[in-house]
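Next input, structure requested:
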Amino acid sequence: MRRITAVLAILALPLAACAGQEGSGSGDTVTLRVATPAAGPEHFNSVSLIAYLDAVKEASDGRIDYEMFYGGALVPPAEIGGALKDGTVDVGQILASYKPELYPASNWISQAAVVGSHGAPGSVFEKSAANIEWWWTEDGARKGDWEDNGIVPALPGATPSAPYQLLCRDQVTSLDDARGRTVKTSGTFEAEAVAALGMKSTTVPAAETFEALQRGLVDCVLNNPGAIADNSFWEVAHHLTTVDFPPFMTWGLFFSQDLWDRLPDDLQTIMWEHLPAYLKAEMDSAMRIEKNFYENADEHGVRLHAPEADLAAAIDEHVEKTLAALPDEAPGTVADGGAALDRYVAAHQEWKALLADELGLGSDAAWAQWVGSATTEVDTGAYAELVYDRVLADRMP
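Down below sits the predicted model:
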């Protein structure tokens, strides 16, 4: 298995130009302008980004440095993709559901993310690996959403998330409870799913969600339990209903094509070969925050609910209708929607088996049961290497 070298040989190749429009250094030093929708350095999405950039900085002997911009400090979160295209941002985390018209394949396949496992802990690893593999084998979708928009999709669909559950200010377990409630959602599947339950969907910037929930501007949020805790949503809403909605797969790590074209080969290699550092850190964060939620839910007054029969049936019906309609709704960049969907399902099945066989990661336990067990340690480094070796090693642009 490939091993990351701490320091690669440095070639005497000067940069043709600087990386960011304002954030670059002089000589052979490149200072990357890095944008994330996350609110600050402690946010779990920022942690993986910083771990990756620190690994790159160390391996390059400081020839690659970085400057972080959180929330909307440099550009609004919805504009990070455009800023990568025009070179304002060099490295960024994109939530493509903000701009479905620009990233049609992202928002199409995200509706299929309900497939695969939901249990602990393997479902998180399965989903992210299957997403990344699907993108790197679907050339038309990748080109249309990313490459034609001046973006290098390093880790498209890298989604370190357990299934989304419904956190509400009041108990919502039946269709009567759900009717008319406003829910903060993050993608097409979620918006249509809550509508099927008689609820109203709205979008709220990540940094403003806590206040919206606290003030009652929204009644509920959909998110994984770990993020619910990490964002302190459990301080203002205390009823969690298990709905097992898919985490958004329109998230990922991306580079500016302009940056990539300007980097000498050795710096490109360093940035690519250290992608496992990002994958490892995001899974470390995912496991940490899920454990935190289930270990401390009682202390924060959170009550866990199963959906009543009518709510569960409505969710199942919506999932079936969504999957049945998807082949005919594929964007033009996906030549055969049915075949692409089949490959997405197959990627989940293959990764589920692979993770169980090679890493011993099961995906059938309930999350609360797994967190309460004695075997919660996961070799996230081995997972990151496995994804790199099978999907990314031979695909550096």
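
Walking through the stretch 151-300 of the chain, point out its helices one by one.
175-178, 188-196, 209-214, 225-230, 257-262, 265-273, 275-296 (DSSP state H, counting those that start in this stretch).

Quick one: neighbours of the residue lying closest to residue 45 once chain neighbours are set aside, just the number.
Excluding its sequence neighbours, the residue lying closest to residue 45 (CB to CB, 6 or more residues apart in numbering) is residue 38, at 4.3 Å. Where C-beta positions appear, they are placed from N, C-alpha and C, glycine not excepted. By other CB atoms under 10 Å, 22 other residues sit near residue 38.

quick one: residue 38 is in a helix?
No: remark: residue 38 does not belong to a helix; assigned using DSSP: H, G, I helix; E, B strand; the rest coil, it is coil.

show me the contacts for it.
With contacts defined as CB atoms under 8 Å, 6 or more residues apart in numbering, residue 38 is in contact with 44-46, 49, 70-71, 93, 206.

Tell me which of those fall in strands.
70, 93 (DSSP state E).

list the buried ones in the lowest-mean-pLDDT helix or strand in the chain?
When each helix and strand of the chain is scored by mean pLDDT, DSSP states H and E, helix 188-196 comes last, with a mean of 89. Neighbour-count burial for helix 188-196, counted by 16 or more other CB atoms under 10 Å, picks out 188-191, 193-194, 196.

Check stretch 326-337 too.
So, applying 16+ other CB under 10 Å, buried residues of stretch 326-337: 326-327, 330-331, 333-334, 337.

Secondary structure for those residues - can I get that in a markdown table?
Below are the buried residues of stretch 326-337 laid out as a markdown table (three-state DSSP):
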| residue | secondary structure |
| --- | --- |
| 326 | helix |
| 327 | helix |
| 330 | coil |
| 331 | coil |
| 333 | coil |
| 334 | coil |
| 337 | helix |
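
From what I see, residue 397 and residue 143 are in contact.
No: Residue 397 lies out of contact with residue 143 (CB atoms under 8 Å); the separation is 11.7 Å.

Can you flag the buried ones in the contacts of residue 38?
Buried among these (16+ other CB under 10 Å): 44-46, 49, 70-71, 93, 206.

quick check, nearest of those residues to residue 372?
Set against residue 372, the nearest of the buried ones among the contacts of residue 38 by CB to CB is residue 44 (21.6 Å).

Look up how far residue 38 lies from the closest one.
Distance from residue 44 to residue 38, counting by CB to CB, to the nearest Å: 8 Å.

Determine which of the helices of the stretch 151-300 of the chain approaches residue 75 most closely.
helix 257-262 (15.0 Å).

Name the residues of the closest one that come out as buried.
257-260, 262.

go on, stretch 386-397?
Neighbour-count burial for stretch 386-397 [16+ other CB under 10 Å]: 386-388, 390-393.

same question, stretch 51-70
If you call a residue buried by 16+ other CB under 10 Å, then stretch 51-70 has these buried ones: 51-53, 55-57, 59-60, 63-70.

Out of the contacts of residue 38, which comes closest to residue 251?
Within the contacts of residue 38, proximity to residue 251 (CB to CB) peaks at residue 93, which comes in at 6.7 Å.

Thought residue 44 was touching the closest one, still the case?
No: counting by CB under 8 Å, residue 93 sits too far from residue 44 to count as a contact (11.6 Å).

Among the helices of the stretch 151-300 of the chain, which comes closest to residue 116?
Using CB to CB, the helices of the stretch 151-300 of the chain put helix 188-196 closest to residue 116, at 13.6 Å.

packing partners for that closest one?
strand 200-202, strand 239-245, helix 309-325 (3 or more CB pairs under 8 Å, 6 or more residues apart in numbering; DSSP states H and E).

what does the longest one rub up against?
It refers to helix 309-325. Taking CB under 8 Å, 6+ apart as the rule, helix 309-325 contacts 111-112, 114-115, 172-175, 177-178, 189, 192-193, 196-197, 241, 243, 307, 341.

Derive a PyMOL selection command for the buried subset of the residues you listed.
In PyMOL, this line selects whichever of the contacts of helix 309-325 come out buried by 16+ other CB under 10 Å:
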select buried, resi 111+112+114+115+172+173+174+175+177+178+189+193+196+197+241+243+307+341
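
What values do phi and psi take at residue 65?
In this entry, residue 65 is assigned phi and psi values of phi -120, psi 180 (degrees, to the nearest 10).

Dump the helices and strands packed on helix 188-196 to JSON lines, plus distance to residue 346 and mean pLDDT.
JSON lines is the format used below for those (distance: least, CB to CB, whole Å; pLDDT from 0 to 100):
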{"stretch": "strand 200-202", "distance to residue 346": "31", "mean pLDDT": "96"}
{"stretch": "strand 239-245", "distance to residue 346": "21", "mean pLDDT": "95"}
{"stretch": "helix 309-325", "distance to residue 346": "14", "mean pLDDT": "96"}
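
Of the ones you listed, which stretch is the most buried?
strand 239-245 (a mean of 21; mean count of other CB atoms under 10 Å).

Distance from it to the middle of the chain?
19 Å (CA atoms, centre = their mean, to the nearest Å).

mind listing what residue 358 touches?
Contacts of residue 358 (CB under 8 Å, 6+ apart): 382, 386.

that's a strand at it, yeah?
No: looking at residue 358 with three-state DSSP, it is helix, so not inside a strand.

that older thread, kindly present the helices and strands packed on helix 188-196 as TSV, with separate columns for distance to residue 98.
Converted to TSV, the helices and strands packed on helix 188-196 look like this (distance: least, CB to CB, whole Å):
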stretch	distance to residue 98
strand 200-202	14
strand 239-245	18
helix 309-325	21
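
To residue 354, which of the ones you listed lies closest?
It's strand 239-245; of the helices and strands packed on helix 188-196, that one is closest to residue 354 (CB to CB) at 22.3 Å.

can you tell me the distance between the two ends of stretch 32-43?
20 Å (CA to CA, to the nearest Å).

buried set for it?
32-39, 43.

For residue 66, what is the enclosing helix or strand?
Using DSSP states H and E, residue 66 sits within strand 64-70.

That strand packs against which elements?
Strand 64-70 packs on strand 30-36, helix 44-59, helix 265-273, going by 3+ CB pairs under 8 Å, 6+ apart.
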